[in-house]
Structures are given as structure tokens and as C-alpha cells.
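Visitor: Below are the sequence and a predicted model; questions follow.
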Amino acid sequence: MKKIIILQALLFGTVFQLTAQETTKKAEELKEVTITKSKKAIEQKADRTIFDFASQPSLNSGSVLEGLKKLPGLIASDIAGMMYQGKQLEVFMDGRPLNISSNELNGFLEGMPANAIEKIEIITQPGAEFPATSGGAILNIITNKNAKKFLSATYSNSVNTTNYDRLRWRVNNSILLNAKNKYFGWQLNMGQNYRESATWGSFTKNENQLSTLLSKVNSDRLGRSNFMKSSLTFDLKKDRLLLNYDLNLNNNNSNTEATGLGFSSIDATNSKTVRQDAVATYQKRFDDKSKKLDFVLNFNQNTNEFLLNTAGIVAPILDNSSFQKYLNLKFDYSQPISFSDEGKLSFGALRDDLIFQTQSKGITNLDYQRSTTAGYFELQTKFKSLSFIVGGRAEDYAITGKTLTTELVPFQQFRFFPNASAQYNLNKNVFFNVNYNKKITLPSTSALNPNNTSYQNQNIDNTGNPNLQPTIFDNYEVKLSAYDYAFIGYSVSNARNQVVQRVNLNPRSNVVINTFENVPELKVHNFNIGMPIPYMLFTKGIAETMKMNVNPDEMNFLFVYAAYQLHQIPSLDTRGFWIYNLMSQLVLPSKIKFVTNFSYITANGNYYYFLAEKPFNNSLDLSFSKKFFNDRLSVSINVDDLLNTNRIVFNSVNTPLFLNNKQDTRRFGFSINYKIPTKNKLARETPILLNKDKKEDSGIIGN
């Protein structure tokens, strides 16, 4: 670890030296040719919210998971998964589903550095063009960037440490190279992540005024991740061929001291994951630029190995593995319609197949196959200030499988999923939206997996449920937004057969059973509001503030977000909870940007089948950042969870179980992002909150 830190210091010093030299040589050249390209830090659209990660040090100083947890309205936990404004999230990367979830998803996102991400799209109203299996909402992580017509190189690094009981280090490095000529473009993004972390957790049974400690664990974890993302784009006259290949390697270890009712042990776990993703896209283009035809072939493969050893026992207690293959072929076509200036008609089809197998000590105990055939259409049109989107998606499912002892209940159904939305423009900056869609979520393979892929001991049993059934959603939303960043909205999601995590207690053995099950009916209500408040409002008044035409990226303001969420389960008397997020930006002398982020979720609310005994997601984060050398070098210093208040204390409803979990979330560190000078003219990107509309590219490199 000391060698890694010394290397970081040498690299950091070299970066400054090279930058100073190149700045002197290239100063006149940069003054002559400067291409300014604007971005929005937060952008509201009719069906999605977009967060720019690349230029926000407060978000990209740690892992992707740590950055996501700072987004207003997003909840990410090991217990109930990932949710945004009351909707369960299906996670995509560069427009393609990851096909992983729960603890495997958190481990994957924890192993990827946030400075490798360009932006995050949260699609709250997926239209018919998205798979009906996207459920309530989609989180799309976009990593690829457009290739420029010159060689571009960017080096990113961050070093963090936590000090709850001792120093633990987290270091990541990545480099992005891309270029383009008149024949093809290419991109290579690769990096590594080294992270030391700790977890302290306990399960307690409180019954008849007696408290019994069932399990207490102190875990030291070590994670090592490497990733590579590559892209090639070939220009074939008007058409294009795009080839992408991604590789992610994770090797994680933990050492755990555990005590509890009737036992004491020292355990060690090792988890290895290899994820490969390859995609070929052919884009047919026409003389009419608004007419498009795309063909996409995607192949994805995941392998996972998990070992649990206990001191004093030679053979592994757990020796589990899983293997997954996913193949997807689809086409999408769109063209303008004659009776509307801004309207278009889209349709397409899809076929995907998934094979998932699990083994325990070399014996296959789940063989799962899933096939989906789908087609969709969608019509978009506009009449004066009123815009409409109407569509539908038909999907046919064939799901079969077997465990070691029995056949799974097959799911063979044909379903139709409509969607509709309307937007009324009160003026060019204020919009009112009404949305509806019907979706389905197929059980994730990690929830189906009958084997444990996380730590357990004599009093804790973690397992999946191969008999889970799909969930059907009806999603409704109304929303009023202004100037792309202020909004107020209400949504309700009605789910049948919702998959939820349950923690129960075997009263005879006092073993905690952690698994998944279907809830016949569940309804989630979510009311949310977001509003930026310029600090000059208090010094100059509203009249003078409205006259100002300033760049919000260079102004002092407070962004306030609040939401009330209620999870209704017919068999339970549930209570809602409030979510608060405050983000303050101050531009200090010398253009040093000081960002404070405070998040807080109130106690005594039901989070599915868990009741929060204390506030959670409670964190105060600070960051200072500054740009040097014509904005080519960005340096930031960060402190996360300054008050060390981020913890989880839940009661599992209808049980005497209480869960207490604390991680070493308080961390200190710095990060750098350096655009390495080349012999070519450089482009400079200036992120701002407000900007003219820009078409999203779903993470595929191009013009």
C-alpha cells in the first residue's frame, strides 16, 4: 500500500511539472483556438433527469456508488436495493442493461471509480422504445464520450482514506484516450480501483423486554477492481458501424470476527467476478437526417465465484459459483410524420435470451432459461404548446428452469404494455407533464440464486428464491418543471407481485433468514420538490436577481430537494418518511468552488418491510475544487460524512429482529483530472447548469 501512495505522489508531481511546461509552450496556440462546449450539471427533461458527473468533483471523487448516493431523491442500500423517487431502478450502462442487482450490483458500482463516468441519466418514464422489463425507472450510467477529430487524453486519479478506527486507503487511476479521423474513431478507457473498507453490524432479538445478541460482526474488506472499455466507430459514407467491448474484473476479500448466541468464529471470504460485454451497432442513415434505422447485437457474460472459510476448518464452508450468458438482438426505426413539425413515428423489435446456472461445491442447483420476443411502436407529435407521446410494447415471455430437486413454475405469457404522456408548455421555460406507463420487472438472477454470495455465520442464513415471479407495474406521474432545474411532482407506482427482501427469524434455532419473496400488492406514493435559491436573492432582492444573466456554474446558490414517500402494503399499517437534500455552492476567491452536500432521511418510516428506528442516509459532505492551466487540470479535496452519522438501524416488521449496520463512510481525500496536452489543438469544456438542448448519444462515440 505504501508503494501505491508513493507512486501517486510521484504521478501528481509529474502532472504539475508537465502541465506547467506544456502551458508555456502552448499558451499562444490555445489563445488562438479555443472550442467552448457547454454542459449542464443538472438537466430536467420530460422523461428523465440527467446529472453531469465528469465536471462535478463533489460527485466523482470516490466510487460510482458513493457518487450515486449523493444524488437528490436516490436511495441505495444493501437491504432494499436502489430506488429513485419511490421507483425501483433497473441499472443500465451505456444504454444496455447490466443484468445484475442487489449486493452484486453494489459491489460492481463500488469497484468502478466515479471519475470514469461522464453522466447519469435517471429515466423516470421509460417509453415504449425501452424494454418493458425496465420496471419503474432506469438508471443509465454513461461512460463513453464523443471522439474528437484529434487525439485526446485524460488522466484521472483519486486518493482517499477513512479513519473510523484506523487508516484505510482507497486509490483509483484511469486514463481515457480517444481520437477520430475521416475513416474511423476509436476510444480506450481503462483503470484500476484499490479500496480498503470496514463494516460493523449486528442482529439483535428484542422480545419480552429481553435483548439477545444473535450476531455481531467486525469485517475488514479489501477490494481490487480493473476495467477496460473500448470502442471503434467506422464511417461508411452516411452509415456507421460501432463496436464496443467492456471488461470488468473484481477480486474482493474480507476478514470477519463474529460472535453471537452460542458461537464465536474468525471467517474469511473471497469473491471473484469477471464481466464481459460486447456490442455491434449498425446505423443506417438517410438523406432525411431525422430518419434513422439501427441494428444492435449485444452479448454479455458474467461469472462469479464465492468462497467462505472458517478458521480451524480445512474445507470451505461455502464454495459457490454462478455463470450467466445474455444475447440480445434488436432494431429501431424512426421517421418524421408529415402532419406535425416536431413529430415522429418509431417502431422496432427485440429478441433476447438468458441462461443462468449456479453451483454449490461443484453441484449444479439452479438451471434457469429465459427468452423474450418483443415489438413496439411510439408516436410523438406536437400541436402549438401541447406535445403528446403515445405508444405500446408487446412482449412474449418463456421462462423455465429447475433446481436440484424440482422444476420451477414456468412463466409463459404474452402481454401488452401501453404508455402515454402529455406536456403543456406554459411558456418556453415552464412545462407541465402528465405520464402513464405499464411495465414489468423479471426477477434478477442474483435474487433467484439459491446460493449465498455474501457473508453468513451460524446465526445468519442468506439465500435467494428460485421461485420468484415477475412484477407488473402501473406508473403514474404529474410534474411541473421550470428552467430545467426547478420542479414539483407527484407519482404513484402500483405493483403486483413486487419482489422485496425479507429478514425473518426461525424461533426454534434463532437463525436469521435473509431472502426474497413476492408481495401480492404494493403501492408507492412519492411527492417531491426541487428548487435552486441564489444567495444574491437575499442581498439584491428578487427584482435585481431576475435581471441578472449569470452562469449558474459561477454563482453562489443553494439547491433544496425534499420528498415524502409512502410504501403501502395492505397487510401492514405503514408510515411514510421524508427525504431531504441540500446542496450549497460558493465560489470563493481565486475561483475555488466550495460545495456542501447534506442528505437526511427521517426515522419511523416503512421502507418496504423495514422500519427505520433512526434516520439513515444521514451524511454531510464537503468538497473544494479548482481548475488550473486553462481548465486542463482539475484538483479537488473532499470530506465525506464529516460528522460520521451515516448508519442503518432497522426493525424487520412483524419480527423481533433489529439490524444495526455501520460502515467507515467518513473519508478524506483528493482527486485530479488532467487533460494531457497533445500536438493537436485542444477543446475546452465549460460545464454550466443551463444550456441549449443537446441530443443524448446514449454513451456511443460519434460526431
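Guide: Structure received. Residues are numbered from 1 along each chain as shown.

Visitor: Now do the longest strand anywhere in the chain: which elements does it pack against?
Guide: Criterion DSSP state E: the longest strand present in the chain is strand 210-236. Strand 210-236 sits against strand 168-180, strand 184-207, strand 239-260, with contacts defined as 3 or more CB pairs under 8 Å, 6 or more residues apart in numbering; DSSP states H and E. In short, each C-beta sits where N, CA and C put it, glycine included.

Visitor: Is it possible to get these out as JSON lines so that each row also shows mean neighbour count?
Guide: What follows is those, written out as JSON lines (neighbours: other CB atoms under 10 Å):
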{"stretch": "strand 168-180", "mean neighbour count": "21"}
{"stretch": "strand 184-207", "mean neighbour count": "19"}
{"stretch": "strand 239-260", "mean neighbour count": "18"}
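
Visitor: okay, the ones you listed in CSV with distance to Thr233 next?
Guide: Shown next, in CSV, are those (distance: least, CB to CB, whole Å):
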stretch, distance to Thr233
strand 168-180, 7
strand 184-207, 4
strand 239-260, 5
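
Visitor: Ser590 against Phe628, yeah?
Guide: No - contact criterion CB atoms under 8 Å: Ser590 and Phe628 do not qualify, at 10.3 Å.

Visitor: between the two, which one's more packed in?
Guide: Phe628 (15 against 6; other CB atoms under 10 Å).

Visitor: was I right about the more buried one contacting Asn673?
Guide: No - the pair Phe628 / Asn673 is not scored as a contact, 10.9 Å apart, by CB under 8 Å.

Visitor: any residues in contact with both of the two?
Guide: Both Phe628 and Asn673 are contacted by Ser634, under the criterion CB atoms under 8 Å, 6 or more residues apart in numbering.

Visitor: Adjacent strands (with direction) for the longest strand of the chain?
Guide: strand 184-207 (antiparallel), strand 239-260 (antiparallel) (DSSP bridges).

Visitor: Any stretches of the stretch 101-250 of the chain with poor pLDDT?
Guide: Low-confidence segments of the stretch 101-250 of the chain, defined by pLDDT under 70: 101-104, 134-135, 144-150.

Visitor: list the buried ones in the host helix or strand of Phe356?
Guide: Per DSSP states H and E, Phe356 falls inside strand 344-360. Neighbour counts using 16 or more other CB atoms under 10 Å place 344-348, 350, 352, 354-360 of strand 344-360 among the buried residues.

Visitor: Let me know the next secondary structure element after it.
Guide: strand 363-383.

Visitor: Can you tell me the strand partners of that following strand and which way each runs?
Guide: Paired strands of strand 363-383, defined by DSSP bridges, are strand 344-360 (antiparallel), strand 386-403 (antiparallel).

Visitor: Quick one: mean pLDDT for that strand?
Guide: Averaged across strand 363-383, the pLDDT comes to 94.

Visitor: do the same with stretch 312-328
Guide: Mean predicted lDDT for stretch 312-328 stands at 93.

Visitor: For the longest strand of the chain, which residues meet the burial criterion?
Guide: Going by neighbour count (16+ other CB under 10 Å), the buried part of strand 210-236 is 214-217, 219-223, 225, 227, 229-233, 235.

Visitor: Gln413 belongs to a strand, doesn't it?
Guide: Yes - according to DSSP: H, G, I helix; E, B strand; the rest coil, Gln413 belongs to a strand.

Visitor: Let me know the pLDDT of it.
Guide: Looking at Gln413, its pLDDT is 91.

Visitor: Quick one: neighbours of it, just the number.
Guide: Neighbour count for Gln413, taken as other CB under 10 Å: 12.

Visitor: can you pull up the bridge partners for it?
Guide: So, taking DSSP bridges as the rule, Gln413 has Tyr397 as bridge partners.

Visitor: Pull up the gap between it and Leu586, please.
Guide: 55 Å (CB to CB, to the nearest Å).

Visitor: Ala349 now?
Guide: 52 Å.
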